[in-house]
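>>> got a predicted structure here, sequence first:
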Amino acid sequence: MRRGQARAAGFTMVELVLVIVLVGILAFAALPRMESGALFRQAAFRDQVVATLRHAQKTAVSHRRLVCADLSGNQINLSVAANFGDLACGAGALPGPDGRLPAAVSPNAAIALAALPGPLLFFQPSGAVTSDAAGMVPANFSVSVTGQAPVQVFGATGHVE
């Protein structure tokens, strides 16, 4: 370099192209991981559903009262009977295991619940789960959470898995 000439500052074309290629590779690698956030939300909501149903069963047994779980749309609402032997859950809403009402709420409108044979589960004081408040016939339930394995509720024992 001659005396009196200033060196030009900046990036060469090769350096710029190399940076663009590296950013493209990083974006290609990171984009699928960002989309997997939906799977984490679905799995977290499934875990919340399991915890809520277990809470309903344990509350029914410990308080010796009927606990009703309404699984409609994208949330679970729990309610409890006023007295032992009541055939309706009229004493009011029962908070979920974390103390919030409704007991479980989907984090995203695209994550929904579906329960078979119906959206109402009745947790009896004996621990059994039935499809009617009278508790005559225990019923097995399958609760589906969008994108996840179904939650199984066994009628005779009230076990949730």
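Looks like it arrived, so ask away. Everything numeric here is computed off the predicted structure, so don't read it as measured data.

>>> residues contacting the residue nearest to the spatial centre of the chain?
If you average the C-alpha coordinates of the chain and look for the closest C-alpha using CA atoms, centre = their mean, you land on residue 45, 1.1 Å from that point. Applying CB atoms under 8 Å, 6 or more residues apart in numbering, we find residue 45 in contact with 104, 106-107, 111, 145, 148. Just so you know, the C-beta spots here come from the backbone N, C-alpha and C atoms, and that holds for glycine as well.

>>> could you do residue 137 as well?
With CB under 8 Å, 6+ apart, residue 137 has these contacts: 130-131, 155.

>>> tell me which of the residues you listed fall in strands.
Of the positions in the contacts of residue 137, residue 130 sit in strands, assigned by DSSP state E.

>>> could the contacts of residue 137 go into a markdown table alongside distance to residue 54 and neighbour count?
A markdown table is the format used below for the contacts of residue 137 (distance: CB to CB, whole Å; neighbours: other CB atoms under 10 Å):
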| residue | distance to residue 54 | neighbour count |
| --- | --- | --- |
| 130 | 17 | 21 |
| 131 | 19 | 18 |
| 155 | 15 | 17 |
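
>>> dump the contacts of residue 137 to CSV, plus pLDDT.
Rendered in CSV, the data for these read as follows (pLDDT from 0 to 100):
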residue, pLDDT
130, 95
131, 91
155, 94
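
>>> what segments of the protein are helices?
When secondary structure is read from DSSP state H, the chain shows helices at 13-35, 37-63.

>>> ranking these by burial, who's on top?
With neighbours taken as mean count of other CB atoms under 10 Å, the helices of the chain reach their highest mean count in helix 37-63, at a mean of 18.

>>> that one - what's its average pLDDT?
This predicted structure assigns helix 37-63 an average pLDDT of 92.

>>> ok, now stretch 99-112?
Per-residue pLDDT over stretch 99-112 has a mean of 88.

>>> which residues touch it?
The list of residues contacting stretch 99-112 from outside it, by CB under 8 Å, 6+ apart, reads 38, 41-42, 44-45, 48-49, 51-52, 55-56, 69, 73-78, 93-97, 113, 145-147.

>>> kindly recompute the last result at 10 Å.
Stretch 99-112 is contacted from outside by 38, 40-42, 44-53, 55-56, 69-79, 92-98, 113, 144-148, using CB atoms under 10 Å, 6 or more residues apart in numbering.
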